[in-house]
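Engineer: Return a 3D structure for these sequence lines:
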Amino acid sequence: MDMPLSPRRARVLALIRDRVAGHGQPPTLAEIAAACGLASRGAARKHVQALAEAGLVEVTPGQARGIRPAGLRARADLLRLPVLGRVAAGAPIGADAGLADTLTLDARLFGQAPDYLLRVQGDSMIDDGILDGDLVGVRRSADARDGQTVVARLDGELTIKRLALGADALRLLPRNPAYAPIVVGPGQEFAIEGVFCGLVRRG
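Structural biologist: Residues are numbered from 1 along each chain as shown. You can find the predicted model right below:
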């Protein structure tokens, strides 16, 4: 019979599952510690190791974001994904919608299977681990939940930001204190193009 999880360990497991489902990438040990009120990365590692021993998560050694809910690793099929231009992590930029490349990637790299990849330009999302030059996986969707990282089209230009749905305004939040949030005005053209599923960093 499986031992029940302690409330704190259950919270760690829920955080890992929510981050993969909602943001397309697992949390780091530091993020787990901060979100779950743990004293250190070492304390977070002990909880993650215990969850791995219980068969609830799988850990890839040597990766900062190598913690995933159990079962995702079994999805070993390959994805052939088009690279469709670039997306701004900074001020919105015009998007080159042309096919730049096609890559075949392991589906396990992503929380959900993306439809295409975009190359990031800029550093406004660095606190979420999205860096200039990264290829971000995007799943086509016209809708997103509050707090999800999205690719949005604003006045004809693409940007990647965290979505904040407020009662009075819709905002696109950078994850770098050097950048101000983008408040979407009532007269602006705005559409969600897709939801961030994860990224590929090529050396």
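Engineer: Residue 89 and residue 172, how far apart?
Structural biologist: Taking Cβ to Cβ, to the nearest Å as the measure, residue 89 falls 11 Å from residue 172. (C-beta placed from N, C-alpha, C; glycine too.)
Engineer: out of the two, which sits in the busier spot?
Structural biologist: Higher neighbour count among residue 89 and residue 172: residue 89, with 26 against 20, using other Cβ atoms under 10 Å.
Engineer: ok so, going back, which residues are common contacts for residue 89 and residue 172?
Structural biologist: Counting by Cβ atoms under 8 Å, 6 or more residues apart in numbering, the residues touching both residue 89 and residue 172 are residue 159.
Engineer: Check which element follows the helix or strand of the chain at the bottom of the mean pLDDT ranking along the chain.
Structural biologist: Lowest mean confidence among the helices and strands of the chain (mean pLDDT, DSSP states H and E): strand 99-106, at a mean of 75. Note on strand 99-106: by DSSP states H and E, the next helix or strand toward the C-terminus is strand 116-121.
Engineer: All the strands of the chain, in order from the start?
Structural biologist: Assigned by DSSP state E, the strands in the chain fall at 57-59, 67-69, 78-88, 99-106, 116-121, 135-140, 149-154, 157-165, 170-173, 182-184, 190-200.
Engineer: Pick out the shakiest of these, pLDDT-wise.
Structural biologist: Of all these, the minimum mean pLDDT falls on strand 99-106 (a mean of 75).
Engineer: surely residue 193 meets residue 138?
Structural biologist: Yes: using Cβ atoms under 8 Å, residue 193 is in contact with residue 138, at 7.1 Å.
Engineer: Neighbour count for the two, which is higher?
Structural biologist: residue 138 (26 against 20).
Engineer: Quickly list the domain ranges of this structure.
Structural biologist: 7-73, 78-200 (automatic domain parsing).
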